[in-house]
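[1] Predicted model and sequence follow; I will ask about them next.
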Amino acid sequence: MSSIIKLRGKGVSRIINSKVMLSPLAGVTDKIFRKLVRKWAPESLLFTEMINATSLKHGYGTQKIKQLELEKGPIGVQIFDNRPFAVSEAAKLAEDSGAFLIDINMGCPVKKISRKGGGSALINDRLLAIELVKRASNAVKVPVTVKTRLGWENKEENIEEFLLSLQDAGAEMITLHGRTRKEGFSGKADWEMIGKIKDLLEIPVIANGDIKNPKDAFNCFKKTNADGLMIGRGILGSPWKIGEIDYAVKEIKGFKEPNIEEKLLLIIEHLDELIKEKGSHGLLIARKHISWTCKNFPGATSLRNKLVRAIDANEVKELINKAIKTLNYEKIILT
């Protein structure tokens with residue numbers, strides 16, 4: 001299976017050397033988390049958190065695109081908005097900051113986004129969606145892509161016609177989440193429908209939804225014939241997961257999932273980076289990652305409850321180091 005995806009762009013073409021990508025996740029895929037993911041997935045396309053184009057135009061959210069050129073591997077910038085001029089200007093700012101490509105969000109189901117005409121609301125305002133793609137693709141040389149869903153209320157809304165229009169407007173790749181806006185993240189992703197749409201489009205199609213491990217990945221490829229996969233919620237607490245699936249897709253043997261001790265040390269590494277970047281607020285951000293990572297081993301529940309209640313970073317480290325010593329002692333006893 002070839003691992004190369006080619007995107008033309010309007011002056012700058014891009015080659016993605018991995019079929020496995022990281023979905024933009026608000027409050028998760030910041031540069032610190034991307035650095036962890038990159039340990040196991042050096043070639044995968046990763047994304048910033050979703051960025052409001054109007055806010056970026058006014059100087060807010062610039063930290064999300066600063067120093068992109070200093071990061072290793074390809075990083076896409078995802079933009080959401082319903083103002084064409086703001087989207088095109090934000091796209092240019094992102095390109096100038098080192099974005100590998102520009103993605104326009106047309107799939108976020110969150111009400112505070114869709115009520116303002118952004119995200120999945122663009123499925124219902126298709127002329128505007130087409131205009132956003134045209135404006136953005138004319139503003140930058142790097143490829144412009146779109147992430148969207150199978151419909152608003154249901155899957156019989158001529159979504160195929162909509163996606164063909166986005167392709168004609170200049171979208172170089174489309175990522176399809178296999179649910180409608182109404183479904184949110186409930187039910188099962190419709191991989192079969194993604195496959196039908198893949199057959200209609202000339203540009204690469206990336207499948208998204210319910211892909212959590214290599215087995216899911218192979219099943220999704222089989223049902224969709226997609227050009228690639230985008231992993232979202234499956235990455236929570238498991239920054240190695242993109243690499244694990246990428247290894248499997250590329251048929252590379254030898255991937256090793258971190259053991260319990262390594263996962264616990266990863267929590268400390270992540271926490272240290274967050275504290276360095278955000279001060280004491282870093283601990284609040286770390287708590288959700290701790291909840292996702294600290295699981296599926298003896299004593300995980302008790303340790304997790306203590307960690308998320310820790311009052312400072314030192315207490316977190318002390319609890320983890322003590323847990324590691326206990327695990328190692330128990331390992332000695334068993335052997």
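    Nice, thanks for sending it over.

[2] V140 and I104 touch, don't they?
    No - taking Cβ atoms under 8 Å as the definition, V140 is not a contact partner of I104, at 11.5 Å. Yep, even glycine has a C-beta here, placed from its N, CA and C like the rest.

[3] So those two - more neighbours on which side?
    I104 (29 against 22; other Cβ atoms under 10 Å).

[4] per-residue confidence for that one?
    pLDDT, I104: 98.

[5] Give me the distance between the residue nearest to G237 when sequence neighbours are not counted and L229.
    Leaving aside its chain neighbours, G237 sits nearest to W292 (2.7 Å; criterion: Cβ to Cβ, 6 or more residues apart in numbering). Using Cβ to Cβ, to the nearest Å, W292 is found at 20 Å from L229.

[6] residues near the closest residue to L200 other than its chain neighbours, how many?
    Leaving aside its chain neighbours, L200 sits nearest to E160 (5.5 Å; criterion: Cβ to Cβ, 6+ apart). If you count neighbours by other Cβ under 10 Å, E160 ends up with 15.

[7] re the thing from before, so which strand or helix has the residue nearest to G237?
    helix 281-293 (DSSP states H and E).

[8] What does R149 show for phi and psi?
    The phi and psi values for R149, taken as degrees, to the nearest 10, are phi -120, psi -180.

[9] could you list every residue that touches it?
    106-107, 109, 120, 123, 176-177, 179-181 (Cβ atoms under 8 Å, 6 or more residues apart in numbering).

[10] Surely I245 and L229 touch.
    Yes - between I245 and L229 there is a contact at 7.2 Å, judged by Cβ under 8 Å.

[11] And those two? Which one has more around it.
    Per other Cβ under 10 Å, whichever of I245 and L229 has more neighbours is I245, with 29 against 26.

[12] Surely A286 and E273 touch.
    No - using Cβ under 8 Å, A286 is not in contact with E273, being 9.3 Å away.

[13] who has more neighbours, those two?
    A286 (26 against 18).

[14] What distance do you get for L25 to N17?
    According to Cβ to Cβ, L25 and N17 sit 22 Å apart.

[15] These two: which has the busier surroundings?
    L25 (19 against 15).

[16] give the contact list for the closest residue to that one other than its chain neighbours.
    Of all residues not flanking L25 in the chain, G232 sits nearest, at 6.2 Å (Cβ to Cβ, 6+ apart). Listed by Cβ under 8 Å, 6+ apart, the contact partners of G232 are 23, 25, 208-209.

[17] for V37, same thing?
    Per Cβ under 8 Å, 6+ apart, neighbours of V37: 22, 44, 46, 235, 239-240, 242-243.

[18] ok, D125 - how many residues close by?
    For D125, using other Cβ under 10 Å, the count is 14.
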